[in-house]
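1. Would you be able to build a 3D model of this:
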Amino acid sequence: MTAGATLGAGLATQPAWSARQDEWALFAQQYLSPQGRVVDTGNGNISHSEGQGYGMLFAVYANDFQSFRRIWDWTQTTLKRPDSALHAWKYVPDTATSVPDPSSATDGELLIALALCRAAEAWGQHQFLQAAREIYDNVLKDLVGTVGGRRVLLPGQNGFVFSDRTVINPSYYIVPALQKAASANPVWLEILQNGLNILNMCRFGDWFLPSDWVELGANGAAPTPAKGWAPYFSYDAVRVPLHMWWGKVLQGRDEEVYSTFWNGFGPAHIPAWVNLANNQRAPYDGPAGFRAVALCTGLTYDGSSLLDVLPSVRDSHDYYSAALSLLARVAAEDVTG
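-> Numbers count the residues shown, from 1 in each chain. As a prediction, the model looks like this:
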């Protein structure tokens, strides 16, 4: 990993830059291939648009233009759909058909678009902004549906819209990415507000938390945990409070809900999942990335600064936990910096 030390210089103090680059170097060493593929080590070493978006976002955060360019080039070459600016959601190495499904994943597209916007701002390269706008436009065209008269984010092109219900993933409402989109097209403000209204109704179980997957009735009825998926607050939904806090919309009742949940288990025993139907918790704790999310969104810590207590990438043992830990650092600098 080679840092682009002369690009975007002066955007942070030297200690902050050092910490950024150290954490990114740890992530890149473990999870970034020389070709620019972000490897999901906890899921058979596949890659996906989500991971590519995270990698691009983290490279901008660390001022590493060369790695950003490499990740973006691999993403374009390997995952880009021939019919739009969107990308196939999954790459499977060492198989005859490495891209088995051309469908796109909305969270991956929003992460890629946000990273491109930030790259354009950091390095003054307009082509990245243009690419981001094309992605946002295609998400609006292909990955936004209407339920009960409200525009909502669909998780992907296929398999989520039924005659009597629409399934959504609350964690795909990546608030800063939607806010960035709204700066160019105000329709995204409507989509974001609709999403926040839905999240406000996703209060299931004793802890009043969102489930990983939620369904909306065709008539716009209140959301419920989606049939066909476990009614868990877990590896998807854990991102919901972080995305809200990152976008500075985690307030009032939401702050109270998440703070109560995290502190109810203590700093060392945040569960990997809780079942919102029967209120049982996992018999094992979540990874370090979960603690990073909790520290940003209500878990009590001592008087040190948030950045000082957030877990390092080295505390994680797989891609997703490491990504959550580094994403928490990006969010923390945006919110507190």
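2. My understanding was that residue 107 contacts residue 51; is that so?
-> No: between residue 107 and residue 51 there is no contact under Cβ atoms under 8 Å: 10.6 Å. (C-beta placed from N, C-alpha, C; glycine too.)
3. Can you report phi and psi for residue 91?
-> phi -130, psi 130 (degrees, to the nearest 10).
4. next one: residue 85
-> Taking degrees, to the nearest 10 as the convention, residue 85 sits at phi -80, psi 0.
5. And residue 217, by the same measure?
-> According to degrees, to the nearest 10, residue 217 has phi -60, psi 150.
6. Give the closest residue to it in space, chain neighbours not counted.
-> In space, and not counting its chain neighbours, residue 217 is closest to residue 165: 5.7 Å by Cβ to Cβ, 6 or more residues apart in numbering.
7. Report the contact partners of the one you found.
-> Applying Cβ atoms under 8 Å, 6 or more residues apart in numbering to residue 165 gives the contacts 215, 216, 217, 218, 226, 227.
8. name the element residue 151 belongs to?
-> For residue 151, the host element (DSSP states H and E) is strand 150-153.
9. Can you spell out which helices and strands pack onto the helix or strand where residue 257 lies?
-> Taking DSSP H and E as the criterion, residue 257 maps to helix 252-265. Packing contacts for helix 252-265, counted by 3 or more Cβ pairs under 8 Å, 6 or more residues apart in numbering; DSSP states H and E, involve helix 187-201, helix 239-246.
10. Now do the buried residues in the first one.
-> Of the residues in helix 187-201, those buried by neighbour count under the rule 16 or more other Cβ atoms under 10 Å are 188, 191, 192, 194, 195, 196, 198, 199.
11. want to throw these into TSV with distance to residue 40 and pLDDT?
-> TSV is the format used below for those (distance: Cβ to Cβ, whole Å; pLDDT from 0 to 100):
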residue	distance to residue 40	pLDDT
188	28	98
191	28	98
192	28	98
194	30	97
195	26	97
196	29	97
198	28	96
199	26	97
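12. And those, which is closest to residue 56?
-> residue 188 (20.1 Å; Cβ to Cβ).
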